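Undergrad: no sequence for this one, just the structure:
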Ligand code: FDA
Ligand code: NAP
């Protein structure tokens with residue numbers, strides 16, 4: 001017989017902004033004020049909190065208002081707001097004088113670390129969750145066993161039990177078909193770590209594939225960092241397109257848009273994506289586009305062009321040979337192929353959304369799927385399961401098909417975390433699982 005005191009009420013898998021926001025929502029939940037706090041433990045495979053560290057380029061700014069922080073949209077009076085962080089750092093007045101809604105990614109990372117410092121007692125770092133198992137003995141599943149592997153020097157595996165798990169493992173880097181990572185072939189998600197190890201004096205030409213925000217930021221950074229190098233920006237489009245963050249389009253990221261999306265039919269869902277994909281995917285902030293164009297223009301005036309825009313092109317293959325990478329480019333304009341030799345290739349080719357099937361292990365067959373084979377997800381982000389499962393499996397991410405465009409973004413994390421915390425508390429009250 002399981003002793004319920006051995007079972008965590010919540011185990012969070014991954015500790016990025018989403019689950020940090022959940023930790024805050026649980027801390028501020030009325031269940032805690034009523035003297036019944038919801039116990040939680042979080043497991044993160046990185047050694048410390050790290051939010052896309054390899055893309056913390058010096059001038060990169062957030063793509064979201066500072067008010068869409070970890071807590072404000074759920075609780076504007078939260079002590080974990082970005083405004084309170086600024087106040088604590090003594091920078092509130094300067095921030096306002098700076099007159100921008102969009103802090104640098106470096107500053108936002110500092111904010112995340114500041115908020116995290118209040119929760120470090122609940123987080124185990126260097127701890128990778130490898131699988132979820134059903135409890136031994138059969139019968140109703142009111143908790144699961146979560147296998148956690150230490151990623152540090154003494155990487156032992158342990159098992160923790162949970163009435164609810166919240167999976168928040170983030171986006172998955174996507175390489176172009178047929179191109180494998182190598183010493184000189186990188187995905188943008190590993191950019192800074194690899195770039196710092198490069199002997200930059202020897203670099204004469206760098207190629208960057210993609211026309212999204214990551215690609216444009218990396219092209220600008222490499223151009224500025226290695227003054228002698230030519231940067232080939234290879235993109236399938238004619239040029240970079242702007243990320244639409246104008247007021248009406250931005251409503252797509254409002255909390256109320258989640259209800260609209262969740263409750264509409266497949267045709268309307270399709271329309272959301274068709275009309276508003278350009279708010280986020282394969283698009284670039286106005287400021288970065290203008291920066292790049294200015295640099296290219298200045299080079300033209302000087303007669304020393306270093307930005308080589310290879311538009312309407314895809315890369316068919318890339319192979320590292322010695323210190324060089326040979327690319328085979330396919331021009332969509334002429335339908336011809338050509339070779340290009342570079343010192344480094346960076347694939348800023350985007351990400352796949354979170355897909356938890358493998359992680360869910362023995363629990364996965366108990367999770368229900370729709371006609372297209374996708375997970376069925378309830379409005380409260382709980383995976384729909386067979387009646388034999390009374391524990392909760394919640395997703396923060398990987399819900400684009402049910403909850404819409406903001407699923408992988410920061411826009412809605414404060415509200416979403418509050419909804420998950422409410423759901424967990426309500427299901428406890430209704431004794432769908434018991435902590436007695
Ligand atoms: P995130 O990926 O941040 O965190 C997941 C965590 O889970 C990671 O720390 C990972 O190590 C950990 N993990 C994974 N598997 C694990 C396992 N098995 N066991 C334990 N831990 C595990 N969005 C936006 O709205 N505004 C913005 O400005 C940006 N900026 C931005 C920049 C860049 C470079 C990228 C690539 C993406 C963005 N985004 C964004 C989108 C991005 O998804 C978002 O900012 C957050 O990272 C989402 O937070 P999550 O906590 O959901 O995932
Ligand atoms: P993305 O927006 O998905 O862009 C990927 C780009 O790669 C697209 O232009 C895509 O073209 C292209 N591509 C994919 N496969 C290709 C191939 N085989 N050959 C040529 N081109 C190919 O990815 P991202 O730029 O990494 O952005 C991901 C998320 O991170 C977004 O939410 C973005 O806003 C965010 N981000 C934010 C910041 C910041 O906050 N400052 C910085 C970077 C990223 P197609 O469209 O034709 O597929």
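TA: Yep, it's here. Just so it is clear, the structure is predicted and the values come from calculations on it, not from any experiment. Ligands and ions are numbered 1, 2, ... in the order given.
Undergrad: tell me how far residue 226 lies from residue 253.
TA: 36 Å (Cβ to Cβ, to the nearest Å). From N, CA and C alone the C-beta is placed, and that goes for glycine too.
Undergrad: nope, residue 363 is what I was after
TA: 31 Å.
Undergrad: ditto for residue 244
TA: 11 Å.
Undergrad: now the stretch 201-350 of the chain against ligand 1: closest residue?
TA: residue 214 (5.9 Å; Cβ to the nearest ligand atom).
Undergrad: grab the nearest non-local neighbour of residue 241.
TA: residue 283 (5.1 Å; Cβ to Cβ, 6 or more residues apart in numbering).
Undergrad: quick one: residue 360 and residue 393 touch, right?
TA: Yes: Residue 360 lies in contact with residue 393 (Cβ atoms under 8 Å); the separation is 7.1 Å.
Undergrad: shared neighbours, those two?
TA: Counting by Cβ atoms under 8 Å, 6 or more residues apart in numbering, the shared contacts of residue 360 and residue 393 are 167, 367.
Undergrad: what about whichever residue of the stretch 101-250 of the chain sits closest to ligand 2, how many residues nearby?
TA: In the stretch 101-250 of the chain, the residue that lies nearest ligand 2 is residue 212 (2.5 Å; Cβ to the nearest ligand atom). By other Cβ atoms under 10 Å, 21 other residues sit near residue 212.
Undergrad: same question for residue 140.
TA: Residue 140 has 12 nearby residues by other Cβ under 10 Å.
Undergrad: identify the residues contacting it.
TA: Residue 140 touches 388, 389, 390, counting by Cβ under 8 Å, 6+ apart.
Undergrad: for residue 244, give me the pLDDT.
TA: We have a pLDDT of 97 for residue 244.
Undergrad: apologies, that question was intended for residue 434.
TA: pLDDT at residue 434 comes out at 68.
Undergrad: do residue 290 as well
TA: Looking at residue 290, the pLDDT reads 98.
Undergrad: phi, psi for it please.
TA: Per-residue torsions, residue 290: phi -70, psi -40 (degrees, to the nearest 10).
Undergrad: just give me the neighbour total for it.
TA: Around residue 290 there are 12 residues (other Cβ under 10 Å).
Undergrad: so which residues of the stretch 101-250 of the chain form strands?
TA: Applying DSSP state E, counting those that start in this stretch to the stretch 101-250 of the chain gives strands spanning 123-124, 127-133, 144-150, 157-167, 172-173, 185-187, 205-209, 230-234.
Undergrad: minimum distance to ligand 1: which of those strands has it?
TA: Of the strands of the stretch 101-250 of the chain, nearest to ligand 1 by Cβ to the nearest ligand atom is strand 127-133, at 3.9 Å.
Undergrad: quick one: average confidence on that closest one?
TA: On average, strand 127-133 scores 96.
Undergrad: and the pLDDT for the closest residue to ligand 1 within the stretch 151-300 of the chain?
TA: Scanning the stretch 151-300 of the chain for proximity to ligand 1 using Cβ to the nearest ligand atom identifies residue 170 as nearest, at 2.2 Å. Note on residue 170: pLDDT of 98.
Undergrad: for it, which residues are in contact?
TA: So residue 170 contacts 14, 16, 18, 354, 397, 408 (Cβ under 8 Å, 6+ apart).
Undergrad: and if you look at residue 368?
TA: Per Cβ under 8 Å, 6+ apart, neighbours of residue 368: 375, 376, 383, 384, 385, 386.
Undergrad: equivalent analysis for residue 172, please.
TA: 351, 352, 353, 354, 355.
Undergrad: mind redoing it with 7 Å?
TA: By Cβ atoms under 7 Å, 6 or more residues apart in numbering, residue 172 lies in contact with 351, 352, 354.
Undergrad: quick one: low-confidence parts of the stretch 151-300 of the chain?
TA: Nowhere does the stretch 151-300 of the chain drop to pLDDT under 70.
Undergrad: got the residues of it near ligand 1?
TA: Contact residues, the stretch 151-300 of the chain versus ligand 1 (Cβ under 6 Å from any ligand atom): 168, 169, 170, 171, 214.
Undergrad: out of the residues you listed, grab the one that's most surrounded.
TA: residue 168 (28 neighbours).
Undergrad: give me the nearest residue to the residue in the stretch 301-436 of the chain that ligand 2 sits nearest to, chain neighbours excluded.
TA: Nearest residue of the stretch 301-436 of the chain to ligand 2: residue 350, at 2.7 Å (Cβ to the nearest ligand atom). Distances taken as Cβ to Cβ, 6+ apart place residue 174 nearest to residue 350, at 5.3 Å, with adjacent residues excluded.
Undergrad: the one you found is in contact with residue 351, isn't it?
TA: Yes: using Cβ atoms under 7 Å, residue 174 makes contact with residue 351 at a distance of 5.6 Å.
Undergrad: compare those two (neighbour count), which wins?
TA: More crowded of residue 174 and residue 351, by other Cβ under 10 Å: residue 351, with 17 against 14.
Undergrad: so who does that one touch?
TA: Applying Cβ under 7 Å, 6+ apart to residue 351 gives the contacts 171, 172, 173, 174.
Undergrad: pull the number of nearby residues for the third one.
TA: Burial measure for residue 173: 17 neighbouring residues, criterion other Cβ under 10 Å.
Undergrad: quickly list what it is bridged to.
TA: residue 351 (DSSP bridges).
Undergrad: wait, it sits on residue 186?
TA: No: here residue 173 does not reach residue 186: they are 9.9 Å apart, not a contact under Cβ under 7 Å.
Undergrad: returning to that earlier point: not counting sequence-adjacent ones, nearest residue to the residue of the stretch 101-250 of the chain closest to ligand 2?
TA: residue 282 (4.9 Å).
Undergrad: same question for residue 128.
TA: Residue 128 sits nearest to residue 45 (Cβ to Cβ, 6+ apart), 3.8 Å away.
Undergrad: tell me which element the one you found is part of?
TA: Assigned by DSSP states H and E, residue 45 falls within no helix or strand.
Undergrad: and residue 413, backbone torsions?
TA: Dihedral angles (degrees, to the nearest 10) for residue 413: phi -70, psi -30.
Undergrad: need the residues of the stretch 101-250 of the chain near ligand 2, please.
TA: 105, 176, 188, 209, 210, 211, 212, 213, 214, 215, 217, 236.
Undergrad: kindly recompute the last result at 5 Å.
TA: 176, 209, 210, 211, 212, 213, 214, 236 (Cβ under 5 Å from any ligand atom).
Undergrad: domain ranges for this protein?
TA: Listed domain ranges for the chain are 7-171+353-435, 175-242+281-350, 247-279 (source: automatic domain parsing).
Undergrad: neighbours around the residue nearest to residue 212, how many?
TA: By other Cβ under 10 Å, neighbour count at residue 282 equals 19.
Undergrad: that one against residue 213, yeah?
TA: No: here residue 282 does not reach residue 213: they are 8.9 Å apart, not a contact under Cβ under 7 Å.
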